[in-house]
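Q: this is the structure alone, sequence omitted:
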Ligand SMILES: Cc1cc2nc3c(=O)[nH]c(=O)nc-3n(C[C@H](O)[C@H](O)[C@H](O)COP(=O)(O)OP(=O)(O)OC[C@H]3O[C@@H](n4cnc5c(N)ncnc54)[C@H](O)[C@@H]3O)c2cc1C
């Protein structure tokens with residue numbers, strides 16, 4: 001077993017780290033206060049290949065392995081978790097289903113531009129009445145000759161106001177339950193596409209989450225992704241891959257919080273010495289470090305499973321996601337604690353990280369849903385290795 005990173009993986013990690021330190025760190029606090037989308041920085045990350053890491057080079061992407069992708073997301077989230085979700089959604093739940101299920105013409109039209117970072121992607125599954133239970137979606141698409149007429153409301157769409165292509169799920173056969181869902185590639189310029197609301201969020205405030213209303217939206221038949229009825233399979237497969245990205249985002253956020261806490265512990269003095277000299281603080285830092293390493297190992301293992309195809313990705317991705325996302329919340333809590341009152345101030349990075357961490361156990365499948373996947377696998381007798 002070899003735990004070392006390849007020279008390519010190290011190069012990717014270090015290049016992204018340098019970019020985030022020099023171009024992103026100086027502006028994060030100001031942008032977050034203004035809920036401003038970091039368009040120029042995301043464009044630059046796209047030019048570095050970060051929007052299409054899993055897309056093969058022939059389709060305009062960077063064509064890297066999933067561990068490289070996880071390292072990229074981790075380095076971005078170490079400085080700013082908002083930008084990490086922008087990239088994670090584009091790579092994992094927009095580009096990946098297009099790569100796996102798109103036809104030649106769809107790939108030519110959208111994948112090249114996604115791979116080069118010219119457009120971002122969005123994933124529109126959640127509705128007011130359907131989150132954890134996606135088979136309950138109400139959006140409908142009715143075929144009318146050479147197009148579908150799409151009606152419905154999608155909420156919490158990450159990148160929804162900046163994406164060039166949206167992967168949208170709607171029922172083409174409302175009586176067929178989970179088998180009646182179909183996926184579509186919808187451009188914001190299609191008639192009947194309207195952004196109706198921006199969420200005012202606790203965290204991840206540089207990334208935008210919007211509600212989209214589809215009102216008799218005309219979607220050409222050639223923009224159906226896969227066959228009618230395959231939509232939920234496409235969505236769930238994309239989410240399995242997406243969870244590796246969210247686990248990496250969690251590891252990166254926690255790493256950033258630990259580094260901030262370690263720096264502060266060495267600087268801050270009480271009773272005549274740095275707080276880093278107290279065992280209470282040291283144990284917090286030691287637990288943070290240990291949990292981050294455990295989460296990173298689970299994440300890289302799931303990334304390896306994704307590439308090797310050695311087993312179903314669902315359970316390892318769920319284990320990485322549930323552990324890493326809950327770990328990030330524990331680590332961010334401790335990082336605030338180490339900072340004392342400063343950790344409660346908007347002046348500190350850990351205050352933002354604490355808020356940003358909260359969503360990690362909710363989106364791309366809640367912790368409860370991850371545990372359901374893990375327990376089902378275990379009870380079927382397939383758990384372990
Ligand atoms: C910042 C942000 C970004 C998002 N981005 C996107 C996006 O880009 N695209 C998209 O489609 N969606 C997105 N979402 C939506 C997200 O995926 C859903 O919020 C999530 O799947 C949970 O759905 P829900 O909020 O409807 O909660 P519910 O499904 O209503 O769940 C509520 C609670 O009940 C629990 N629960 C539900 N069913 C069960 C059960 N059977 N057993 C035990 N517990 C259960 C849940 O775990 C949760 O704790 C985003 C959400 C947020 C907050």
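A: Thanks, I have the structure now. These figures come from a predicted structure and were not determined experimentally. Numbers count the residues shown, from 1 in each chain.
Q: helix, strand or coil for the residue lying closest to residue 126 once chain neighbours are set aside?
A: Distances taken as CB to CB, 6 or more residues apart in numbering place residue 156 nearest to residue 126, at 5.1 Å, with adjacent residues excluded. C-beta: built from backbone N, CA, C; applies to glycine. Assigned by DSSP: H, G, I helix; E, B strand; the rest coil, the conformation of residue 156 is strand.
Q: I figured residue 156 was touching residue 212, is that so?
A: No - using CB atoms under 8 Å, residue 156 makes no contact with residue 212, being 10.0 Å away.
Q: tell me which of those two has more neighbours.
A: residue 212 (25 against 20; other CB atoms under 10 Å).
Q: so is whichever strand or helix holds that one next to the ligand?
A: Take DSSP states H and E as the rule and residue 212 turns out to sit in strand 209-220. Yes - on the criterion CB under 6 Å from any ligand atom, strand 209-220 is in touch with the ligand at residue 209.
Q: and that strand, which residues are buried?
A: Of all the residues in strand 209-220, those buried under the rule 16 or more other CB atoms under 10 Å are 209-214, 217-219.
Q: now, the most widely separated pair of those residues?
A: 209 and 218 (25.4 Å; CB to CB).
Q: for this protein, what spans make up the helices?
A: Counting by DSSP state H, one finds helices in the chain at the ranges 7-19, 25-34, 39-47, 66-79, 81-88, 96-101, 104-106, 112-115, 231-267, 279-308, 314-339, 349-357, 367-379.
Q: and of those helices, who's closest to residue 125?
A: Closest of the helices of the chain to residue 125 is helix 231-267, at 5.5 Å (criterion: CB to CB).
Q: what residues sit buried inside that closest one?
A: By 16+ other CB under 10 Å, the buried positions in helix 231-267 come out as 231-235, 237-258, 260-262, 264-265.
Q: and for the nearest residue to residue 225 once chain neighbours are set aside, the neighbour number?
A: Ranked by CB to CB, 6+ apart and with sequence neighbours excluded, the top spatial neighbour of residue 225 is residue 183, at 4.0 Å. Residues contacting residue 183 under the criterion other CB under 10 Å number 31.
Q: for residue 50, list the residues it contacts.
A: By CB atoms under 8 Å, 6 or more residues apart in numbering, residue 50 lies in contact with 16, 62, 72, 76, 87, 91, 117.
Q: look at it and report its pLDDT.
A: As predicted, residue 50 sits at a pLDDT of 97.
Q: can you tell me how far residue 187 sits from the ligand?
A: 17 Å (CB to the nearest ligand atom, to the nearest Å).
Q: could you do residue 297 as well?
A: Remark: distance between residue 297 and the ligand (CB to the nearest ligand atom) = 25 Å.
Q: do the same with residue 373
A: Here residue 373 is placed at a distance of 12 Å from the ligand (CB to the nearest ligand atom).
Q: just checking, that residue touches residue 318?
A: Yes - taking CB under 8 Å as the definition, residue 373 is a contact partner of residue 318 at 4.1 Å.
Q: closest point of this structure to the ligand, which residue?
A: The chain approaches the ligand most closely through residue 131 (1.9 Å), counting by CB to the nearest ligand atom.
Q: can you give me every residue that contacts residue 353?
A: By CB under 8 Å, 6+ apart, the contact set of residue 353 is 81, 253, 256-257, 260, 332, 335.
Q: rewinding a little: from the contacts of residue 50, which has minimum pLDDT?
A: Lowest pLDDT of the contacts of residue 50: residue 117, 91.
Q: which residue is the nearest non-sequential neighbour of it?
A: Closest residue to residue 117 apart from its sequence neighbours, by CB to CB, 6+ apart: residue 46 at 1.7 Å.
Q: so residue 320 touches residue 242, yeah?
A: No - contact criterion CB under 8 Å: residue 320 and residue 242 do not qualify, at 11.4 Å.
Q: picking up where we left off before, what bridges to the residue nearest to residue 225?
A: Beta bridges link residue 183 to residue 169, residue 225, judged by DSSP bridges.
Q: state the distance from it to residue 166.
A: Applying CB to CB, to the nearest Å, the value for residue 183 to residue 166 is 10 Å.
Q: for residue 114, same thing?
A: Using CB to CB, we find residue 114 at a distance of 12 Å from residue 166.
Q: quick check: neighbours shared by these two?
A: Taking CB under 8 Å, 6+ apart as the criterion, residue 114 and residue 166 both touch 94, 121.
Q: rewinding a little: okay, the helices of the chain in CSV with distance to residue 191 next?
A: Listed next are those as CSV, based on distance: least, CB to CB, whole Å:
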stretch, distance to residue 191
helix 7-19, 38
helix 25-34, 32
helix 39-47, 26
helix 66-79, 35
helix 81-88, 27
helix 96-101, 22
helix 104-106, 20
helix 112-115, 21
helix 231-267, 22
helix 279-308, 37
helix 314-339, 37
helix 349-357, 36
helix 367-379, 35
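Q: which of those helices has the lowest mean pLDDT?
A: The weakest mean pLDDT among the helices of the chain belongs to helix 112-115, with a mean of 92.
Q: for the stretch 201-350 of the chain, what lies in contact range of the ligand?
A: Proximity of the stretch 201-350 of the chain to the ligand, by CB under 6 Å from any ligand atom, involves residues 201, 204, 209.
Q: contacts only, for the spatially closest residue to residue 299 that is not a sequence neighbour.
A: Spatially, and ignoring its direct neighbours in sequence, residue 299 is nearest to residue 247 (4.2 Å; CB to CB, 6+ apart). Shown in contact with residue 247 (CB under 8 Å, 6+ apart): 70, 295, 298-299, 302, 317, 320-321, 323-325.
Q: likewise for residue 81?
A: Residue 81 touches 203-204, 249, 252-253, 353, 356-357, counting by CB under 8 Å, 6+ apart.
Q: and residue 239, by the same measure?
A: With contacts defined as CB under 8 Å, 6+ apart, the neighbours of residue 239 are 93, 364-365.
Q: before I go, just wanted to say thanks for your time.
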